[in-house]
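[1] Curious how this folds, go ahead:
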Amino acid sequence: MENYDFFIYGTASAAYFGDTFFHTDDAVVGVLASFATLAVGFFFRPLGGYLAGHYGDRLGRKRVLVWSLAAMGIGTILIGFLPTYAQVGVFAPILLVLLRVLQGIGLGAEWGGAVLMAVEHAPAHRRGFFGAVPQVGIPAGLLLANGAFLLSDTLFTGDWVWRAPFLASVIMVAAGLFIRLKITESPEFEAMAARGEIRKTPALDVLKNDWRSILQVLGLRLAETGGYYITTSFVVAYVGLAAITDKSNVLIGTLVGSTIGLVSHLIYGALSDRVGRKPVYFIGSAVSTGQRNSSVSFSDGVMNCRVLRGRPLRES
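    Next comes the predicted model:
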């Protein structure tokens, strides 16, 4: 649900925000300015991850998942109500950037928290598969986001084409909060609390004591994440500016890839429980080589959880 929120921003920034929130007659300049606001969300995702790690280890995983969804949902819905540059001038992009910051913090907290919750609830011999389950939210969110824009383009005209998918997020937020309020707390956190092992500065302790593992995870994710967003965001803008084909064709192509990802994440997650995380991750990285693929994301979650727990990156 939060990936839906994050991806509709990527699609909107590529196809609509350039001439909506920025005063320029050059389409390329408008798209670049729009992508700059897209980047703001990524700059603040580490802050969201840090806050989720800190409060997740102090107050519990469940609470963090509730407030991360609320932050993400509020930011997304309010974007749908934003005035344009033609209406309020420079305040339009300023408000857009502020809401994008809120989105970035929300998703940064959400991604690590969701994977951690799944892995900590999993049987020891199925952690790869359980760690892959939250990753299905990535292609599912992209599937819903692009589908929403295709439907909106059919039903509406003008600004409502991009506003409608943002406003529809209220349904996703309501469903997400209902689910999260029903889930049980992580058994590992409950055991840690029962032993009196709650630390005052858990996330800071990890940064101090396990920074090498954190740098390793960052390096592992660079190629996969960079290639993924080039395909799902930049290509939409490039195709339109170069007049290669209609942007709806790119959205349809992305829908096909996302549908494959719904299955492949789970397959590779289950495979990692049989042959190990490192071989599957290596194969996925070698095959992807900078292209969008769904064969590597699952193991990012497993490795990220181990960094959050302060464990070294070795085979488990």
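[2] Show me the helices in the stretch 151-300 of the chain, by range?
    All helices of the stretch 151-300 of the chain, identified by DSSP state H, counting those that start in this stretch, fall at 160-167, 169-182, 187-194, 202-209, 211-229, 235-241, 247-275, 277-288, 297-308.
[3] which stretch among those helices comes nearest Pro93?
    helix 160-167 (14.9 Å; Cβ to Cβ). In this view, the C-beta of every residue, glycine as well, is placed from N, C-alpha and C.
[4] by contact count, what packs against the closest one?
    Judged by 3 or more Cβ pairs under 8 Å, 6 or more residues apart in numbering; DSSP states H and E, the packing partners of helix 160-167 are helix 2-15, helix 61-79, helix 137-155.
[5] With mean pLDDT and mean neighbour count added, can I get the helices of the stretch 151-300 of the chain in a markdown table?
    Below are these laid out as a markdown table (pLDDT from 0 to 100; neighbours: other Cβ atoms under 10 Å):
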| stretch | mean pLDDT | mean neighbour count |
| --- | --- | --- |
| helix 160-167 | 94 | 20 |
| helix 169-182 | 87 | 15 |
| helix 187-194 | 90 | 14 |
| helix 202-209 | 91 | 15 |
| helix 211-229 | 82 | 15 |
| helix 235-241 | 73 | 19 |
| helix 247-275 | 85 | 18 |
| helix 277-288 | 83 | 16 |
| helix 297-308 | 39 | 24 |
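[6] nearest to Pro83, of those?
    helix 160-167 (11.2 Å).
[7] Using PDB, list the CA coordinates for that closest one.
    As requested, the backbone C-alpha atoms of helix 160-167 are provided in PDB (Å, rounded to 0.1, in the frame of the first residue of the first chain):
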ATOM      1  CA  TRP A 160      -7.900  15.300 -12.300                       C
ATOM      2  CA  VAL A 161      -5.900  12.700 -14.200                       C
ATOM      3  CA  TRP A 162      -3.000  12.900 -11.700                       C
ATOM      4  CA  ARG A 163      -5.000  14.100  -8.700                       C
ATOM      5  CA  ALA A 164      -7.400  11.100  -8.700                       C
ATOM      6  CA  PRO A 165      -4.700   8.400  -8.000                       C
ATOM      7  CA  PHE A 166      -3.400  10.500  -5.000                       C
ATOM      8  CA  LEU A 167      -6.800  11.000  -3.600                       C
END
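[8] Now do that helix: everything it contacts.
    Defining contact as Cβ atoms under 8 Å, 6 or more residues apart in numbering, one finds that helix 160-167 is touched by 8, 12, 15-17, 20, 76-77, 79-81, 145, 148-149, 152-153, 155-156.
[9] Looking at the helices of the stretch 151-300 of the chain, spot the one closest to Leu38.
    Leu38 sits nearest to helix 211-229 of all those, at 8.4 Å, using Cβ to Cβ.
[10] Just want the angle from the closest one to helix 2-15.
    Orientation check (axes from the mean of the first three to the mean of the last three Cα atoms, to 10 degrees): helix 211-229 against helix 2-15 gives 50 degrees.
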